[in-house]
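Colleague: the following comprises the amino acid sequence and a computationally predicted model.
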Amino acid sequence: MYNLFVEKIANQIIRFSFYLLFFLVPLFFSAKTSELFEYNKMMLTYAFTIVITAAWLVRMILVGKIIFKKSFWQIPLLFYLGAHILSTVFSIDPHISIWGYYSRFHEGLLATISYTLLYFAAVSNLEKADVKKIFISSFLSAAIVSVWGILESLGHSPSCLIITGKFGVDCWIQDVKNRVFATLGQPNWMAAYLCVQILALLGFGRRIKNYELSIKGLLLNSYYLILPLFLCALYATHSRSGFLGLAVGLGVLVLLLLKLDKRIKLLFCAFGLVGASIFGARWYQNLPTAGTGITSSETIRKPVWEGAIKIWQRYPIFGSGVETFGYAFYQDRPISKNMDSEWDFLYNKAHNEYLNLLATTGTVGILAYFFLIGSFIIYIPIVFQILASQGVPLRGYSLLAAWTSILITNLIGFSVVVIGLYFFLIPAFCFLLAQNEEPPSITSTKKLDTFSFCLISLIGFIGFIGLLNLLNMWQADKAYALGKNYNSVQQHLVAYPLLIEAVKANSDEPTFRTELAYNQAILASALFEQIKESTTAAVASLSAEQKMNLESPQLKASVNSLIAQAMQNTNQAVKQSPYSVPFWKDQTKIFYQLATIDKKYYLNALEAITTAAKLAPTDAKIWYNLALLQNITGNKTAALLTLDEVIKMKPDYTDAINSKKELEKPLP
């Protein structure tokens, strides 16, 4: 009886973890981490994955058999996971491929493993009734997100109230009043999330029979009362990708509902026309950008997409590596990118999920992705038939429409954590809904012998260590974020111990090391200046012997120690991520700072920026900085030649034009 009780607890832990996963992930953010939204949502997803997987394994031990239900998606999903593993093995930066790009954090190999485990855990442990409970949890969370966003559109951000204590919108650099994002971090991400909620909501009211499929039936259903709230919040995002996703999703619903009540078809057609009208108006509004200095989003994205195709051509089989777009793009960045308003931005995504996967996981990865999509589309008619026999056909239709909206919003943007959850788990929910009978409840369990007890203890210990490591990583990121903020406001002494703490807690993260190296270079420079000033002030009143002993050996040792540590940290970062142009640029900045102590470091800076220029052959700003360092190190001829190349890359580059004029002036 005791074993049965524990097994039921483990089962309940799995169920409630899924409920909480879909309720908390959209809402979870923190102003204390380096990235407020995606990082925290991914960490929370990892935490729930650990808890769910551990409870699942405990159930297996107590029952004495493998709890695993075969499903239609298992082969496509394992093929997709295998493609990501191979892409990681052959990646230009395995660290990034495993963890994801630092600041995005999503879609690394660990994220794919997490979603895979969640899918298999759902189909093997949940029941049909759990699907509706999960969506109820999801709708409640979406209602909070929607209210949050509507308040932002009125000039009152709950986020600012939490972060600064002021109920306005001044805490955001972004114009959150005109394009809201609530707790999702970006208007397009919020719009994609709300598309899923709106379309899924249409099928998850109370049990709807065929004769209730009418406008009156919908209005009488309490769930649909929050539909206008979702629509208002979606409009407040002013996201064209969101409007398009909703319009296509509604179009799918209308096509599926052709055999049902005409009134409900008219209702969905009306929703589709409204969505299409809003989308068209927003699209037109963004077209007249001439004369504003802001390039249209279509023009901005075109060279990014071209670069993604070139990356695939360079790495056709397994791509450049999972989530390495931010590094690989520099090498294949079209020169035309220098002529738009975002010419000096860092692009760590292709802004098209399909092209992003093509570039980073290659032909194998994109075929695996299409295999996932195609297998679900082939399977879904089975779900329709079963749900139609149960009198709830709209439920299956709405889930397919919601899933389709993800495919559309990903076409113009890219997947984020909360969208990843729905992409991988909606097929699991459809599989559960298609089960004609609920699985029999477990009435007996295996006798808990010593070996089983040890196994359960081991699982508990590993799970606890996993959660502890996540917490440690989260604390390390908080220390890094605070240290970086202090660095940015010139509080380098305050930043130093925080960055040391971050590196100690997560020594494998090169992002932490490069920030610490910059801090150490500045501190070394400041300490060196302090020694110089002390020497200059005191030298007049000292004897010759005193002058020789003036400089403190301890201070000089501290300067040398900081220099050595800065060089070690930056060298380790670029060694770990040799294709990271941002790290080579950081190293250039670090050596440039050290050159205030000894001009020999200008040569190190020149070497670093030369490497960056080789990795980014069309980046006008990097090549401009190369020219400056060539001139500083005494190679004026090379600097002029480089500036000529920079001006060819970007003819309107004022700084480069002026620098060339200065260098061409004859010496007085």
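Modeller: Thanks, I have the structure now.
Colleague: state the distance from the residue positioned nearest the centre of the chain to Ile85.
Modeller: With distances taken as C-alpha atoms, centre = their mean, the residue of the chain nearest its centroid is Arg104 (2.8 Å). Using C-beta to C-beta, to the nearest Å, Arg104 is found at 20 Å from Ile85. Every residue, glycine included, has its C-beta placed from N, CA and C.
Colleague: next one: Thr570
Modeller: According to C-beta to C-beta, Thr570 and Ile85 sit 31 Å apart.
Colleague: what bits of the stretch 101-250 of the chain have low per-residue confidence?
Modeller: Applying pLDDT under 70 to the stretch 101-250 of the chain flags the ranges 205-224.
Colleague: all the helices of it, in order from the start?
Modeller: 109-125, 128-153, 158-164, 187-201, 215-220, 227-237, 240-256 (DSSP state H, counting those that start in this stretch).
Colleague: and the angle from the first one to helix 128-153?
Modeller: By that I understand helix 109-125. When axes from the mean of the first three to the mean of the last three C-alpha atoms, to 10 degrees is applied, the directions of helix 109-125 and helix 128-153 differ by 140 degrees.
Colleague: with the last one instead?
Modeller: In this structure, helix 240-256 runs at an angle of 140 degrees to helix 128-153, with the same axes, to 10 degrees as the basis.
Colleague: neighbours of the nearest residue to Ala428 once chain neighbours are set aside, how many?
Modeller: Among residues not flanking Ala428 along the chain, Ala122 sits closest, at 4.1 Å (C-beta to C-beta, 6 or more residues apart in numbering). By other C-beta atoms under 10 Å, 24 other residues sit near Ala122.
Colleague: try Ile9
Modeller: 14.
Colleague: which element is it on?
Modeller: Ile9 belongs to helix 2-24 when assigned by DSSP states H and E.
Colleague: show me what that helix is in contact with.
Modeller: Residues outside helix 2-24 that contact it (C-beta atoms under 8 Å, 6 or more residues apart in numbering): 44-45, 48, 51-52, 55-56, 58-59, 62-63, 118, 121-122, 125-126, 130, 133-135, 137-138, 140-141, 421, 442-448.
Colleague: among the residues you listed, which ones are buried?
Modeller: By neighbour count, with 16 or more other C-beta atoms under 10 Å, those hold 44-45, 48, 51-52, 55-56, 58-59, 62-63, 118, 121-122, 125-126, 130, 133-135, 137-138, 141, 421, 445, 448 as buried.
Colleague: show me how the chain divides into domains.
Modeller: 2-433, 474-536+549-664 (automatic domain parsing).
Colleague: can you name the next helix or strand after the helix or strand of the chain with the lowest mean pLDDT?
Modeller: For the chain, scoring each helix and strand by mean pLDDT, DSSP states H and E identifies helix 544-548 as the least confident one, at a mean of 45. Counting by DSSP H and E, the element after helix 544-548 in chain order, helix or strand, is helix 553-576.
Colleague: what are the ranges of the helices in the stretch 501-650 of the chain?
Modeller: Along the stretch 501-650 of the chain, the stretches classed as helices by DSSP H, counting those that start in this stretch are 510-538, 544-548, 553-576, 581-594, 601-615, 620-632, 636-649.
Colleague: point out the most buried one among those helices.
Modeller: Sort those by mean neighbour count, taking mean count of other C-beta atoms under 10 Å, and helix 581-594 sits at the top with a mean of 24.
Colleague: which residues sit against it?
Modeller: The contact list for helix 581-594, computed with C-beta under 8 Å, 6+ apart, reads 326-327, 330, 346, 510, 514-515, 517-518, 521-522, 524-525, 563, 566-567, 570-571, 573-574, 577, 601-602, 604-605, 608-609, 611-612, 615-616, 619, 622, 625, 629.
Colleague: return the set of buried residues in the biggest helix by length in the chain.
Modeller: For the chain, the helix with the greatest residue count under DSSP state H is helix 450-488. Residues of helix 450-488 classed as buried by neighbour count (16+ other C-beta under 10 Å): 452, 455-456, 459, 463, 466, 470, 473-484, 486-487.
Colleague: now do stretch 502-510
Modeller: Result for stretch 502-510 [16+ other C-beta under 10 Å]: buried residues 502-503, 505-506, 509-510.
Colleague: low-confidence ranges in the stretch 501-650 of the chain?
Modeller: 533-554.
Colleague: apply 90 and report the result again.
Modeller: Along the stretch 501-650 of the chain, the parts satisfying pLDDT under 90 run over 527-559.
Colleague: does Ser341 belong to a helix, a strand or coil?
Modeller: Under DSSP: H, G, I helix; E, B strand; the rest coil, the three-state class of Ser341 is coil.
Colleague: ok so, going back, let's see the helix holding Ile9 as PDB, backbone CA atoms only.
Modeller: The C-alpha coordinates for helix 2-24 follow below in PDB (Å, rounded to 0.1, in the frame of the first residue of the first chain):
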ATOM      1  CA  TYR A   2       2.800   2.400   0.800                       C
ATOM      2  CA  ASN A   3       4.400   1.800  -2.600                       C
ATOM      3  CA  LEU A   4       1.100   2.400  -4.300                       C
ATOM      4  CA  PHE A   5       0.700   5.700  -2.400                       C
ATOM      5  CA  VAL A   6       4.200   6.800  -3.400                       C
ATOM      6  CA  GLU A   7       3.500   5.900  -7.100                       C
ATOM      7  CA  LYS A   8       0.300   8.000  -7.000                       C
ATOM      8  CA  ILE A   9       2.300  10.900  -5.600                       C
ATOM      9  CA  ALA A  10       4.800  10.600  -8.400                       C
ATOM     10  CA  ASN A  11       2.000  10.500 -10.900                       C
ATOM     11  CA  GLN A  12       0.400  13.600  -9.400                       C
ATOM     12  CA  ILE A  13       3.800  15.400  -9.500                       C
ATOM     13  CA  ILE A  14       4.000  14.700 -13.200                       C
ATOM     14  CA  ARG A  15       0.500  16.000 -13.800                       C
ATOM     15  CA  PHE A  16       0.700  19.100 -11.700                       C
ATOM     16  CA  SER A  17       4.200  19.900 -13.100                       C
ATOM     17  CA  PHE A  18       2.700  20.000 -16.600                       C
ATOM     18  CA  TYR A  19      -0.100  22.200 -15.400                       C
ATOM     19  CA  LEU A  20       2.400  24.600 -13.800                       C
ATOM     20  CA  LEU A  21       4.700  24.400 -16.800                       C
ATOM     21  CA  PHE A  22       2.100  25.900 -19.100                       C
ATOM     22  CA  PHE A  23       1.000  28.400 -16.500                       C
ATOM     23  CA  LEU A  24       4.300  29.700 -15.200                       C
END
